[in-house]
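**Student:** when you get a sec, could you give me coordinates for this:
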Amino acid sequence: MANKKHIRLETIGDVSQFLSKIINQVYRGEIEGSTASRLGTLLNIQINALRESELENRVKKLGLLTRICAPNLAFPTHQDSA
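**Tutor:** I've put the predicted structure just below:
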């Protein structure tokens, strides 16, 4: 296999740009549709992981802001509802 350069897929925009390249490669006959399909599946997984990571970061920030802005406010925990 040829030495391929590392592809950075750190943002949804990165994934979108890479997907555009794949679509064009299929259109030009440079890669097989089956290869593009497998890459598309992986790119979809990457997008989902990026979205989940973004959501997790937002929840953490919200929790921090809540503790700073309303330190005496009591929130039920998972254990309280059991």
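
**Student:** for the rest of this, base every contact and every neighbour count on C-alpha atoms.
**Tutor:** OK.

**Student:** for Gly29, what are phi and psi?
**Tutor:** The phi/psi pair for Gly29 (degrees, to the nearest 10) reads phi 80, psi 20.

**Student:** could you measure from it over to Ala36?
**Tutor:** Counting by CA to CA, to the nearest Å, the gap from Gly29 to Ala36 is 11 Å.

**Student:** neighbour count: those two, which is higher?
**Tutor:** Neighbours per residue (other CA atoms under 10 Å) separate Gly29 from Ala36, with Ala36 holding more: 16 against 10.

**Student:** point out where this protein drops to low pLDDT.
**Tutor:** The model of the chain has pLDDT under 70 over residues 1-3, 74-82.

**Student:** centroid-nearest residue for it?
**Tutor:** Among the residues of the chain, the one closest to the centroid is Leu50, at 1.5 Å (CA atoms, centre = their mean).

**Student:** which residues are in contact with it?
**Tutor:** 10-12 (CA atoms under 8 Å, 6 or more residues apart in numbering).

**Student:** all helices of this structure, in order?
**Tutor:** Counting by DSSP state H, the segments of the chain that form helices are 12-27, 33-69.

**Student:** of the ones you listed, flag the one that's most buried.
**Tutor:** helix 12-27 (a mean of 15; mean count of other CA atoms under 10 Å).
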